[in-house]
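Peer 1: curious how this folds, go ahead:
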Amino acid sequence: MLPVDKGTYLLLLETAETGPLRVGRRIELQLQPGWYGYVGSAFGPGGLAARLGHHLRADARARWHIDFLRQHARPVEIWFACQDRGTEHRWAEILAEWRPASVPHPGFGSSDCGCRSHLVHFARRPSVGVLRRRLRDGLAANVPLHHRHLEPAGLKR
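Peer 2: Numbers count the residues shown, from 1 in each chain. Okay, here's the model as predicted:
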């Protein structure tokens, strides 16, 4: 179960699809097979549970950039931390600078900030251990980092 606390999350998705994907009015993303990592934040009512609940519903109306990608990619994992707003931008920067990650479309998910992108692509699934270390680098020492595997029907209990 996800907390109603406010915080930052990384949604890891997998797809085998290729080709163009229209995202809103201005973005056309070239889908590549592999893994996508999307960094977002949940500081509104209902916190992480509400925001991630929206992103995980297959029938959710597309509201944010990630919702368009979500229609073509399967969510596999969620990483999250209940920390201040700056975490979202630190995580986006950490992931964008990590090789083997690439930035498939500058500006994706970051139209309201100065980040290069909040979306990265991996040709192969990133190592859980390395991903954990990288995300920990973006958190204060006393803030816990949480990780959840997903099933096709939602969260594992």
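
Peer 1: give me the neighbour count for Leu95.
Peer 2: 24 (other CB atoms under 10 Å). The way it works is simple: take the backbone N, C-alpha and C, and place the C-beta from them, glycine included.

Peer 1: what's the neighbour count on the nearest residue to it once chain neighbours are set aside?
Peer 2: Excluding the flanking residues, the one nearest Leu95 by CB to CB, 6 or more residues apart in numbering is Val120, at 4.6 Å. Per other CB under 10 Å, the neighbour tally for Val120 reads 26.

Peer 1: please shift the residue numbers so they start at 15 in all later answers.
Peer 2: Shifting the count to begin at 15 puts that one at Val134.

Peer 1: residues making contact with the helix or strand hosting Val134?
Peer 2: Secondary-structure assignment from DSSP states H and E places Val134 in strand 133-136. Strand 133-136 is touched from outside by 46, 48-53, 79-80, 83, 109-110, 112, 114-119, 122-123, with contacts defined as CB atoms under 8 Å, 6 or more residues apart in numbering.

Peer 1: make it 7 Å
Peer 2: Outside of strand 133-136, the residues that reach it under the criterion CB atoms under 7 Å, 6 or more residues apart in numbering are 46, 48-52, 109-110, 114-119, 122-123.

Peer 1: centre of the chain to the longest helix along the chain, how far?
Peer 2: Ranked by residue count under DSSP state H, the longest helix found in the chain is helix 100-111. With CA atoms, centre = their mean, to the nearest Å as the basis, the distance from the averaged C-alpha position of helix 100-111 to the chain average is 11 Å.

Peer 1: restricted to buried residues, select the contacts of strand 133-136 in PyMOL.
Peer 2: Written as a PyMOL command, the selection of buried residues from those, which uses 16 or more other CB atoms under 10 Å, is:
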select buried, resi 46+48+49+50+51+52+109+110+115+117+118+119+122+123
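
Peer 1: of the contacts of strand 133-136, which pair is most distant in space?
Peer 2: The distance between the two most remote of these (CB to CB) is 19.9 Å, for Pro114 and Gly123.

Peer 1: so, low pLDDT: which residues of this structure?
Peer 2: Flagging of the chain using pLDDT under 70 yields the residue ranges 166-171.

Peer 1: residue nearest the middle of this structure, spatially speaking?
Peer 2: Tyr52 (2.3 Å; CA atoms, centre = their mean).
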